[in-house]
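Colleague: take this sequence and fold it.
(one chain, ligands or ions: 2)
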Amino acid sequence: MTQDVTFGLSDEALLNLPLHFNPDLFKDQVVLVSGAGSGLGKAIAIQFARLGARLAICGRRIERLEATAATIRKTGARCSVHAMTIRDAAQVEQLIDTVWQDHGRLDVLINNAGGQFPQPAIDYSVKGWNAVIDTNLNGPWYMMQQAARRWRDAGTAGSIVNIVAVIWRGMPGVAHTCAARAGVIYLSKTLAVEWAPFGVRVNCVAPGVIATEGMNVYPDEARAEFDRSNPMKRFGDVQDVSDACCYLAGPAGKFVTGEVITVDGGHQLWGEQWTAGRPDYFKV
Ligand SMILES: CCC/C=C/C(=O)SCCNC(=O)CCNC(=O)[C@H](O)C(C)(C)COP(=O)([O-])OP(=O)([O-])OC[C@H]1O[C@@H](n2cnc3c(N)ncnc32)[C@H](O)[C@@H]1OP(=O)([O-])[O-]
Ligand SMILES: NC(=O)C1=CN([C@@H]2O[C@H](COP(=O)(O)OP(=O)(O)OC[C@H]3O[C@@H](n4cnc5c(N)ncnc54)[C@H](OP(=O)(O)O)[C@@H]3O)[C@@H](O)[C@H]2O)C=CC1
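Modeller: Ligands and ions are numbered 1, 2, ... in the order given. This next block holds a predicted model:
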């Protein structure tokens, strides 16, 4: 059973978080954030706007994107809204074309949209497996390829940050997403070399358990243990992730490519995470 719990911060709180970067850091740059209608994507988009960027945001549900855009515009930043699915290569091509038409450039792509459902792998249907691979591997790939083609053709530099997950010890309960995120990480390492000649950097951020509404996907039993899945014994917050994105995308990260920053309170080293609940076998 899963009960909806309020996780994360209000838009007002996101607008008022203390900034850890210079407010002009991304002045006049254009940043595209996928999945910006909620959770991490919304927090990342708002932080880039507060650091001077112009935003383009995408996702499937227009109402949620419009709400994020309204908050972003309170900072004085421009924000265009694009309702689409990253799972459709043609819609991704159209998105990147439109962003270039609307803003005249693109500097940063934050590939944040994603998600999965918890289920023991042995029970996956073909449709369920494909839905998660499409959302978390194919979609981010279409986005990266279209952005990079534009940067190559325009002769301008670009930076990609892919939001992945802490896959290093596997992810029991979400094996499909573990496979997809591992794919994105090694895709990114490969592209970092292939696209260096175009001035395109490709990096990843791997969040551990971060307090967002996305947590409501998990059963109560699983969520009740999440704050004990890392040695800090707590959830991270959205700014832990948005700060890592700003570091990688901005000038501080200019000599970093093909890297993964893990933001997980130490979970990769210690702690168990049972996303579909702890099986009886592991209870004793
Ligand atoms: C803590 C760990 C670290 C990670 C944390 C986070 O990421 S937090 C952030 C987390 N945020 C999120 O995770 C975002 C929320 N997650 C999602 O949006 C979905 O999981 C999605 C990514 C698959 C969307 O795919 P979609 O738009 O196509 O949605 P759809 O509903 O049409 O499903 C397609 C097929 O998938 C299957 N299937 C789906 N659900 C279940 C299930 N519960 N059980 C079993 N199977 C399931 C089923 O086959 C279904 O087809 P059917 O049989 O219905 O014809
Ligand atoms: N919170 C956490 O602890 C962790 C999160 N992550 C990852 O971080 C990212 C953000 O997660 P979080 O904010 O917590 O969760 P949310 O569920 O709130 O965010 C996911 C976002 O992705 C969008 N999205 C999903 N599918 C598509 C699609 N096909 N096309 C376009 N947009 C899509 C959703 O919007 P819409 O449905 O309107 O399209 C939504 O805004 C995800 O990739 C998630 O898996 C990774 C590790 C831990």
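
Colleague: please count neighbours and contacts with C-alpha atoms only from this point.
Modeller: Fine.

Colleague: ligand 2 contacts on the chain?
Modeller: Contact residues (Cα under 6 Å from any ligand atom) of the chain with ligand 2: 34-41, 59-61, 84-87, 112-115, 135, 163-165, 207-214.

Colleague: what about H82, distance to D102?
Modeller: Distance of H82 to D102, computed by Cα to Cα, to the nearest Å: 11 Å.

Colleague: how about N112?
Modeller: For N112 relative to D102 (Cα to Cα), the value is 21 Å.

Colleague: who has more neighbours out of those two?
Modeller: It is N112, of N112 and D102, that has more neighbours when counted by other Cα atoms under 10 Å, with 25 against 12.

Colleague: what's the pLDDT at the more buried one?
Modeller: Note for N112: predicted pLDDT of 98.

Colleague: so who does it touch?
Modeller: V33, S34, G35, A36, L40, G41, N162, I163, V164 (Cα atoms under 8 Å, 6 or more residues apart in numbering).

Colleague: at 7 Å what do you get?
Modeller: V33, S34, G35, G41, N162, I163 (Cα atoms under 7 Å, 6 or more residues apart in numbering).

Colleague: do A49 as well
Modeller: Contacts of A49 by Cα under 7 Å, 6+ apart are L55, I72, T75, A77.

Colleague: in which helix or strand would I find the first one?
Modeller: Using DSSP states H and E, L55 sits in strand 54-59.

Colleague: pLDDT on that strand, on average?
Modeller: Computed over strand 54-59, the average pLDDT equals 99.

Colleague: can you tell me if it touches ligand 1.
Modeller: No. For strand 54-59, no contact with ligand 1 is found by Cα under 6 Å from any ligand atom; the gap never falls below 11.3 Å.

Colleague: quick one: list the elements packing against that strand.
Modeller: Applying 3 or more Cα pairs under 7 Å, 6 or more residues apart in numbering; DSSP states H and E, one finds that strand 54-59 makes contact with strand 30-34, strand 79-83.

Colleague: which of those sits closest to ligand 1?
Modeller: strand 30-34 (12.9 Å; Cα to the nearest ligand atom).

Colleague: what comes up buried for that closest one?
Modeller: V30, V31, L32, V33, S34 (16 or more other Cα atoms under 10 Å).

Colleague: can I get that strand in CSV, CA atoms only?
Modeller: Presented in CSV, the C-alpha positions along strand 30-34 are these (Å, rounded to 0.1, in the frame of the first residue of the first chain):
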residue,chain,number,x,y,z
VAL,A,30,19.8,29.1,-22.1
VAL,A,31,19.1,26.0,-20.0
LEU,A,32,16.7,23.2,-21.0
VAL,A,33,15.4,21.1,-18.1
SER,A,34,13.2,18.0,-18.8
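
Colleague: ok, it: who's next to it in the sheet?
Modeller: strand 54-59 (parallel), strand 108-111 (parallel) (DSSP bridges).

Colleague: quick one: that strand to strand 79-83, angle?
Modeller: Relative orientation of strand 30-34 versus strand 79-83 (axes from the mean of the first three to the mean of the last three Cα atoms, to 10 degrees): 30 degrees.

Colleague: residues in contact with strand 30-34: which ones?
Modeller: 41, 45, 53-59, 105-113.

Colleague: got the angle for whatever helix or strand comes next after that strand vs strand 79-83?
Modeller: Sequence order places helix 39-50 as the next helix or strand after strand 30-34, per DSSP H and E. Computed by the same axes, to 10 degrees, the angle separating helix 39-50 from strand 79-83 equals 150 degrees.
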